[in-house]
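> Need a 3D model of the sequence below.
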Amino acid sequence: MDYSNIGFVFRGAIMQIIVFSTIPFIWWKIKYKKEVGFREFIGLTKPISGTTTKNTIIALIAYWIIWGMLIFIYGSSGSSFYGMGVKAIIPALIVCFLQNGLCEEILLRGFLLKRLCAKMNFLSANSLHALIFALLHIGVVGENSTLLGIFFILLQPFVGGWMLGYVSQKLFKGSIIPSVILHGLGNYILRIMDAFMLL
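Down below sits the predicted model:
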């Protein structure tokens, strides 16, 4: 992908939003259209705290501490923005917040996790959805990776997915907007660090 062409990157992000929203939209149209609007169905709603401000702040600080520790352990993501410098600022913003943050949150936290929570307890649903999220990252596994190496590569998205599920469902009553922001911001920090070769 030509990440230096902002128009191309933006069009790609819009296409991905459409693709990632298709299954949730069809599911909503068939089963839930009469009960709730599509935005509410996937959690694109105003975040309302489901806990005290203190607990929310503690959970968000814990999220960033664990995120930072995982990045320290794993280092560079080896993204396509590596070494691009200033040219990466806008394209990475589009990719991280629209293609990664919004798309993945709609499909995984907004659709999959909510459907799983309707069928099982939160801990089981969140763990299963986080496992699926981790397995979707299998493409980053190198061909020479050991079994232990694969485990640690998939641990990062599992933990991140689990925490984003907790933020969405438990801290903000099903709104995916905070998890979109956290997901996008975490990816953006990594991409910018890659772009300026800081990792």
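> Tell me where this structure has helices.
Taking DSSP state H as the test, the helices found in the chain are 6-31, 38-42, 53-74, 89-94, 103-104, 114-119, 122-135, 147-166, 177-195.
> so what secondary structure elements neighbour the third one?
Helices and strands in packing contact with helix 53-74 are listed as helix 147-166, helix 177-195; criterion 3 or more C-beta pairs under 8 Å, 6 or more residues apart in numbering; DSSP states H and E. Backbone N, C-alpha and C define where each C-beta goes, glycine included.
> if we can go back for a sec, in terms of mean pLDDT, which of the helices of the chain ranks lowest?
Lowest mean pLDDT within the helices of the chain: helix 53-74, a mean of 81.
> which residues make contact with it from outside it?
Contacting residues not belonging to helix 53-74 are listed as 49, 51, 152-153, 155-156, 159-160, 163, 166-167, 171, 182, 186, 190, 199 [C-beta atoms under 8 Å, 6 or more residues apart in numbering].
> Could you check the angle that helix makes with helix 147-166?
For the pair helix 53-74 and helix 147-166, the angle between their directions (axes from the mean of the first three to the mean of the last three C-alpha atoms, to 10 degrees) equals 160 degrees.
> What about this protein, which residue is the most distant from its middle?
In the chain, the greatest distance from the average C-alpha position (C-alpha atoms, centre = their mean) is reached by Lys34, at 28.6 Å.
> Quick check: that one vs Ile89, distance?
To Ile89, Lys34 is 44 Å away according to C-beta to C-beta, to the nearest Å.
> Could you do Leu98 as well?
Taking C-beta to C-beta as the criterion, Leu98 is separated from Ile89 by 15 Å.
> Between the two, tell me which one has more neighbours.
Each of Leu98 and Ile89 had its neighbours counted (other C-beta atoms under 10 Å), and the higher figure belongs to Leu98 (19 against 15).
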